[in-house]
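S.K.: the sequence and its predicted three-dimensional model are supplied below.
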Amino acid sequence: MKKRYDVIAFDLGNTLIRFDHNIAVKKLENRFGIDPKVTYQLFFDSPLTHLFEKGAISPEEFYKEASRLIGIDISYEEFMPLWNDIFWEDTDSCSIARKLKGPYRLFLLSNVNKSHFEHIRVRFDIIKIFDELILSFAVGAMKPEKAIYDRVVSLAGGDPSRVLYIDDREDLVKEASGLGIDSIKYEGAPNLSKELAARGVVKH
């Protein structure tokens, strides 16, 4: 029977690799005694992090502006490891992804900044399984912008119905679905396995 999909596209953060910005926030709070709520908002979802994730500013520029806004005196060499060391692998979802390698082309579709991604690439070998990396900082667009989904479809051969997309965020899944890309909300490995089986996705 002909496969329904040619490409399976995975989100990265909190789908394959878990993260918690509070890890970095706590370290800064312990060292400088600063308000953790202010730092968390700056790190997690701010105009500055959006610029960084779209590749509009460099890691050095991000460090300078972040340390200025937080009000701390810290070197680039100290700041960046602290900023980056917030990740751990979702071993169950990564196991599923590895089993799909071969029967399907695997794409990584992620809103991520350059510094975080290079840290993840070095630390977690799951990145090696992907045939294409569609990363916000590299393409200059972020989910849910249509341009980044269009890049996925183009690399997949132009037919959105041949792509299956997996993401933990409901809004991003909804956006992809509206563009004709069948999508699954990641709610843990058991549910993902169930959703894949319902679609006839082969795992070797």
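M.R.: All right, it came through fine.

S.K.: Leu51 reaches Ile57, doesn't it?
M.R.: Yes: assessed by C-beta atoms under 8 Å, Leu51 is found in contact with Ile57 at 4.9 Å. (Each C-beta comes from the backbone N, C-alpha and C, glycine too.)

S.K.: quick check on the two: which one has the bigger neighbour count.
M.R.: Legend: neighbour count by other C-beta atoms under 10 Å for Leu51 and Ile57, higher for Ile57 (20 against 16).

S.K.: in stretch 90-100, what counts as buried?
M.R.: Residues of stretch 90-100 classed as buried: Asp90, Ser93, Cys94, Ile96, Ala97, Arg98, Lys99, Leu100 (neighbour count, 16 or more other C-beta atoms under 10 Å).

S.K.: what's the answer for stretch 29-40, then?
M.R.: For stretch 29-40, a neighbour-count test (16+ other C-beta under 10 Å) marks Glu29, Thr39, Tyr40 as buried.

S.K.: what ranges does this structure have for its helices?
M.R.: Applying DSSP state H to the chain gives helices spanning 22-32, 36-44, 47-53, 59-70, 76-84, 91-100, 114-123, 136-139, 146-155, 170-178, 189-198.

S.K.: most packed of those?
M.R.: Using mean count of other C-beta atoms under 10 Å, the stretch among those with the largest mean neighbour count is helix 136-139, at a mean of 20.

S.K.: where does the protein dip in pLDDT?
M.R.: 1-2, 204 (pLDDT under 70).

S.K.: tell me the domain boundaries of it?
M.R.: When the chain is parsed with automatic domain parsing, its domains come out as 7-18+89-198, 21-84.

S.K.: quick one: the shortest one to chain centroid distance?
M.R.: The chain centre lies 18 Å from the centre of domain 21-84; the measure is C-alpha atoms, centre = their mean, to the nearest Å.

S.K.: stretch 147-167 now?
M.R.: Using C-alpha atoms, centre = their mean, the offset of stretch 147-167 from its chain centre is 16 Å.

S.K.: what of stretch 89-98?
M.R.: 14 Å.

S.K.: give me the contact list for that stretch.
M.R.: 10, 14-18, 106, 124, 126, 129, 186, 188-189, 192-193, 196, 203 (C-beta atoms under 8 Å, 6 or more residues apart in numbering).

S.K.: only the buried members of these: can you turn that into a ChimeraX selection?
M.R.: To isolate the buried members of these in ChimeraX, using 16+ other C-beta under 10 Å:
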select :10,15,16,17,106,124,126,129,186,192,193,196,203
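
S.K.: please flag which of the contacts of stretch 89-98 sit within strands.
M.R.: Mapping the contacts of stretch 89-98 onto strands (DSSP state E) picks out Phe10, Ile17, Arg18, Leu106.
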